[in-house]
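In: sequence? don't have it. structure:
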């Protein structure tokens, strides 16, 4: 069921999402060669708590038999890791890596969710282009995040843009609604047919999140039950924001 947020709920969403925006400004300064993904996650948790929010991903239970609760404050996925990377002490970030960080903040009963892919030092032109295309894919979808369109219009726009750039989208995972729950209806795939899906209405809060793969879209899941990796070893990037549907243009809540 899709929830339409009241004025009070929208203000609470804005508040927690403002924290997410500030969180990423501070965290970007911590992403550097030589730091482990475990250390980066601990820095992330510290920042989040100092900003007054709870890292909602710690202990997140997917409710799927055999998959453990998520153990960290952030998902940190490096290079060919697409999403849901579990931070590790022995996973050291290197010069030229691309590092995707996905986090969810919880404050006053509401969630804010965003993801960024950071370029570490001097990366290849190919890596930089992938990161740029992934971010632009979000904005391509955002063009249709307003009344008069359907969810499928967002999905179609993202998928067609990514395809036009010679890349693939991750089809097994998708964007989503957000509010009192981390994941709410509707699901927002990164591909699909225009004109399909539910109608977009003012008061919806949505997470649009292109997950883009440099090579073929085939993936596999690591033994930890979480980390998703490209099958051919190609790079992947992730960009996400929580947005508010208004009567006119959508408002991005997780950017300052």
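Out: Sure thing, it's come through. Everything numeric in this text was worked out from a predicted model, so none of it was measured. Numbers count the residues shown, from 1 in each chain.
In: Share the number of residues neighbouring residue 213, please.
Out: For residue 213, the count of nearby residues is 25 (other CB atoms under 10 Å). C-beta here means a position set from N, CA and C on the backbone, and glycine is covered the same way.
In: my guess is it meets residue 172, correct?
Out: No. Residue 213 is beyond contact range of residue 172, at 11.2 Å (criterion: CB atoms under 8 Å).
In: Need the residues touching each of the two.
Out: residue 219 (CB atoms under 8 Å, 6 or more residues apart in numbering).
In: for the helix or strand containing residue 115, packing partners?
Out: Element membership for residue 115 (DSSP states H and E) is strand 110-119. Here strand 110-119 touches helix 7-28, strand 98-107, helix 125-142, strand 236-238, strand 241-244, going by 3 or more CB pairs under 8 Å, 6 or more residues apart in numbering; DSSP states H and E.
In: Reformat these as CSV; add mean pLDDT.
Out: As requested, the helices and strands packed on strand 110-119 are exported to CSV (pLDDT from 0 to 100):
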stretch, mean pLDDT
helix 7-28, 98
strand 98-107, 98
helix 125-142, 98
strand 236-238, 98
strand 241-244, 98
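In: Rebuild these as CSV, extending it with distance to residue 91 and mean neighbour count.
Out: As requested, the helices and strands packed on strand 110-119 are arranged in CSV below (distance: least, CB to CB, whole Å; neighbours: other CB atoms under 10 Å):
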stretch, distance to residue 91, mean neighbour count
helix 7-28, 17, 18
strand 98-107, 10, 25
helix 125-142, 18, 19
strand 236-238, 16, 29
strand 241-244, 26, 25
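In: hmm, back to that, tell me which residues of the strand holding residue 115 are tucked away?
Out: For strand 110-119, the neighbour count (16 or more other CB atoms under 10 Å) marks 110-119 as buried.
In: What is the nearest of those residues to residue 101?
Out: Checking these against residue 101 with CB to CB, the nearest one is residue 116 at 5.7 Å.
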